[in-house]
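Chemist: Predicted model, plus sequence, below.
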Amino acid sequence: MLLVCIICILINLGGSRLMTAFDLPLYMDSVGTVISASICGYLPGIIVGLFTNLMKGITDTEALYYVVINALIALITYLFAKKGFLKKPLGFPGLILILSIMDTLYWIVITIVMKDPLTAETIWDSFVIELADKGITILILAIILLILPKKFRSFLEFRGWQQKPLTDEENRAVKRGKNRKMSLRTKLLLLLILVFVVMGFAALLISAFLYRDYTQRENTDFAKGTSQMVANMIDPDMIGEYLEKGEAAPGYMEIKRRLINVRESNPGIEFIYVYAVREDGFHVVFDVDTEEYPGDPPGFVTEIGEDYDGCRTELMAGEEIEPLETNDRWGRLITVLTPVKNSEGVTVCYAGADISVSMIYRNETDFLTKLILLFVGFFILSLAVAMWISDYNIILPINTMAISASKFAYEDEESFEDNVERIRKLDIHTGDEIENMYQALSKTTEDSEHYVSVLRTKTETISRMQNALIMVLADMVESRDESTGDHVRKTAAYTRIIMENLKRLGYYTDQLTDEFMYDVENSAPLHDIGKIAVSDVILNKPGKLTEEEFEKMKTHTTAGADILDQVITTVPDSAYLKEAKNLAEYHHEKWNGKGYPHGLSGEEIPLSARIMAVADVFDALVSERCYKKAFTFEDALEIIRKDAGTHFDPKVAEAFLSAQDEVRQVAEHFTVYRVTKGQTETLRAQDNGK
């Protein structure tokens, strides 16, 4: 990870230098950031983004303003890469647009804070440049992601497992864990933010006070030194002649030129001047021109402002004056006046140097802005490091144990040993209380294994007895129908095939639990239990049923539901009986609502009944009955395909049709008889009566 970070930082710095060397209006200083964030993870990305700007800041302090934005670029890119942005239609342009807008908005905020000029034109130019810069950057990233093998990218991903590494699917499952109120991860995040904000605010406040005090003293001392330098340049015995003759006085222009040089070589100094103090005001001896204000001519008299009221007596007496802050037509200034004495020791004038308070405030704002942005950058980095450590040392181990324990407690019995082994293989080695908890959990599950294995044996015996009784009961009912044969066994096998293929296709996965599939398959033989209430004459009639007979035949659905309702009242918590009731009552309902007994449609029909509908009709088609011959396997499949979306749930029909080989094996196992394709429509019409 360290090597990748160094390489990516060099890529950022190299790209930036290249743009500067060729005088191109691009930055190219975040290529390494997006590469490291996409391949290695958010933490390396933040490190690269942060240290790139810190290193650039050594020679260009303006780069420190963009510490935060590079960290944010890393986070946004990481999130997009995690979602596989290259595989989504809007992923590639979306990432470019988001980064460009984010960069432009950030630049606008910085510009406003620094009180630099801002226009619609400059904003648009900035956005266009950002769009081009981020477009090239993300294009380079896309090429690298397409070139690098997935295994190599996986190798470069920065992780810190304190347990057996999780697969991507397991990792997602662990992070999706639900909490009653707030997750531990969120609590840690909020706690860290609170600590960082409090400490950061205190540090920034202290830094602001110290910086202001320091800059005030430094600038005042600087102004004193400049004022003293000016005083040393003047011949005090010539002051009277300077006032009288001005620039025509001997040596005047040479002194003025030297004063101009002093000001130009000290950009922090706003004004340099020499005033003689008289009762009527300040008499200008020297006044150096600035870009904004031309200097007053020699002999010009300016009023002594109110800002000097506190030291007017000392001024008139030619004494030392403490630095003072003035606010007049030249703005807010820190003014330092140094008395200039002639050869007789009499103060004949004051050498003055002014420093702009607004410049000091600007420098202070600049300092605090950089300090805040650096703090935010390191705050993001510290937060990322803290969350990375907490994820691998606290959150993932705890959630992994929780999910493993949950599966151990609630999965079917057959996978019990696998779950115990899974807990053993977690291999959590954090070296703290979490590891102690893991060791205790492992011991508890291992101690429980023997006890559960005994219970499992007894439960399996009971389950076999239950299934055997169900099959016997179903056989008793079916034996009254001379043509149904192994109908209950075949339909049960078909339901299992359909359910497994529904899961494979990703349909109804929330409903197709192992328990549900077990209940449906094992209760399927009871779907026609209501036929026990139908007359043998109707049940075994060789021809098409009359309308009255068909109405009586239809009652086998509600009769079956009533029978199973009575059993459910005795065993209320039996899930398989509830599914058996659904199968018995609703397996003749149709997707388009034209079935019976209730005329339900779509997903109003229970999923188990929609599955049984396909299994029941298919078996009826390929089986020989007293009133028809068997359809061919292909003709029966064609009928299922044709009636998908009308009679059958289209997803269930698709799952059935996609497993033709498995279906054929079941059908052939129970000896299916065939008929010619020419009889299909006629026989299908006859079968509708059944």
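Modeler: Yes, it's here.
Chemist: Where does pLDDT dip in the stretch 1-150 of the chain?
Modeler: By pLDDT under 70, the stretch 1-150 of the chain has no low-scoring segment.
Chemist: which stretches of the chain aren't confidently modelled?
Modeler: Along the chain, the parts satisfying pLDDT under 70 run over 168-181, 407-417, 419, 449-450, 452-485, 572-573, 625-627, 671-690.
Chemist: where along it do the strands fall?
Modeler: Assigned strands in the chain, in chain order: 271-278, 281-287, 301-302, 324-328, 331-341, 347-356 (criterion: DSSP state E).
Chemist: Any idea which of these gets closest to Pro250?
Modeler: The closest of those to Pro250 is strand 281-287. By Cβ to Cβ, the value is 14.4 Å. C-beta here means a position set from N, CA and C on the backbone, and glycine is covered the same way.
Chemist: buried sites along that closest one?
Modeler: Using 16 or more other Cβ atoms under 10 Å as the test for burial, strand 281-287 gives Phe282, His283, Val284, Val285, Phe286, Asp287.
Chemist: Also stretch 584-593?
Modeler: Residues of stretch 584-593 classed as buried: Ala584, Glu585, Tyr586, His587, His588, Glu589, Lys590, Trp591 (neighbour count, 16+ other Cβ under 10 Å).
Chemist: Dump the residues you listed into JSON lines; add distance to Leu43 as well.
Modeler: Output for the buried residues of stretch 584-593, formatted as JSON lines (distance: Cβ to Cβ, whole Å):
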{"residue": "Ala584", "distance to Leu43": "58"}
{"residue": "Glu585", "distance to Leu43": "57"}
{"residue": "Tyr586", "distance to Leu43": "54"}
{"residue": "His587", "distance to Leu43": "56"}
{"residue": "His588", "distance to Leu43": "60"}
{"residue": "Glu589", "distance to Leu43": "55"}
{"residue": "Lys590", "distance to Leu43": "57"}
{"residue": "Trp591", "distance to Leu43": "52"}
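Chemist: The residues you listed in helices, which ones?
Modeler: Ala584, Glu585, Tyr586 (DSSP state H).
Chemist: I'd like to know how many residues surround the residue nearest to Val348 when sequence neighbours are not counted.
Modeler: Excluding the flanking residues, the one nearest Val348 by Cβ to Cβ, 6 or more residues apart in numbering is Ile239, at 4.4 Å. Counted with other Cβ atoms under 10 Å, residues neighbouring Ile239 total 19.
Chemist: contacting residues around the nearest residue to Leu243 once chain neighbours are set aside?
Modeler: Spatial nearest neighbour of Leu243, excluding adjacent residues (Cβ to Cβ, 6+ apart): Gly299 at 5.4 Å. By Cβ atoms under 8 Å, 6 or more residues apart in numbering, the contact set of Gly299 is Leu243, Glu244, Gly246, His283, Val284.
Chemist: Tell me the one of those residues nearest Thr111?
Modeler: Here the nearest of those to Thr111, counting by Cβ to Cβ, is Val284; it sits at 39.2 Å.
Chemist: Could you let me know which of the buried residues of strand 281-287 ends up closest to Thr491?
Modeler: The closest of those to Thr491 turns out to be Asp287 (Cβ to Cβ; 108.7 Å).
Chemist: Quick check: the closest one vs Arg263, distance?
Modeler: Going from Asp287 to Arg263 by Cβ to Cβ, to the nearest Å gives 11 Å.
Chemist: can you check Lys164 too?
Modeler: From Lys164 over to Arg263 the distance is 72 Å, taken as Cβ to Cβ.
Chemist: ok, the two, which is more surrounded?
Modeler: Arg263 (19 against 14).
Chemist: The more buried one touches Ile272, doesn't it?
Modeler: Yes - using Cβ atoms under 8 Å, Arg263 is in contact with Ile272, at 4.8 Å.
Chemist: if I look at the two, which residues touch both of them?
Modeler: Common neighbours of Arg263 and Ile272 (Cβ under 8 Å, 6+ apart) are Val288.
Chemist: Next, count neighbours for Asn266.
Modeler: Per other Cβ under 10 Å, the neighbour tally for Asn266 reads 16.
Chemist: Let me see the residues that make contact with stretch 216-231.
Modeler: Contacts of stretch 216-231 (Cβ under 8 Å, 6+ apart): 259, 262, 266, 268-269, 272, 274, 323, 334-340, 351-355, 360.
Chemist: mind redoing it with 6 Å?
Modeler: Here stretch 216-231 makes contact (Cβ atoms under 6 Å, 6 or more residues apart in numbering) with Asn266, Ile269, Ile272, Pro323, Val336, Thr338, Val340, Ala351, Ala353, Ile355, Ile360.
Chemist: which one of these has the most neighbours?
Modeler: Ala353 (30 neighbours).
Chemist: quick one: that one from Gly246, how far?
Modeler: Note on Ala353: its distance to Gly246, by Cβ to Cβ, is 22 Å.
Chemist: can you check Tyr576 too?
Modeler: Distance, Tyr576 to Gly246, using Cβ to Cβ: 114 Å.
Chemist: Have a look at these two and say which one is more surrounded.
Modeler: Of the pair Tyr576 and Gly246, Tyr576 is the one with more neighbours under other Cβ under 10 Å, namely 22 against 17.
Chemist: which residues touch the more buried one?
Modeler: By Cβ under 6 Å, 6+ apart, the contact set of Tyr576 is Asp519, Asn522, Ser523.
Chemist: go with 8 Å
Modeler: Tyr518, Asp519, Asn522, Ser523 are the contacts of Tyr576 under Cβ under 8 Å, 6+ apart.
Chemist: Including distance to Phe375 and neighbour count, could those residues go into TSV?
Modeler: Output for those, formatted as TSV (distance: Cβ to Cβ, whole Å; neighbours: other Cβ atoms under 10 Å):
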residue	distance to Phe375	neighbour count
Tyr518	58	18
Asp519	59	21
Asn522	64	20
Ser523	65	29
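Chemist: Need the max-distance pair from these.
Modeler: Put simply, by Cβ to Cβ the two of the contacts of Tyr576 set farthest apart are Tyr518 and Ser523, 9.2 Å from each other.
Chemist: if I read this right, Tyr106 contacts Ala71, doesn't it?
Modeler: No - applying Cβ under 8 Å as the test, Tyr106 and Ala71 come out as separate, 11.2 Å apart.
Chemist: Compare the two and say which is more crowded by neighbours.
Modeler: Between Tyr106 and Ala71, counting by other Cβ under 10 Å, Ala71 is the more crowded of the two (29 against 18).
Chemist: Give me the nearest residue to the more buried one, chain neighbours excluded.
Modeler: Ile380 is the one closest to Ala71 (Cβ to Cβ, 6+ apart), at 4.5 Å.
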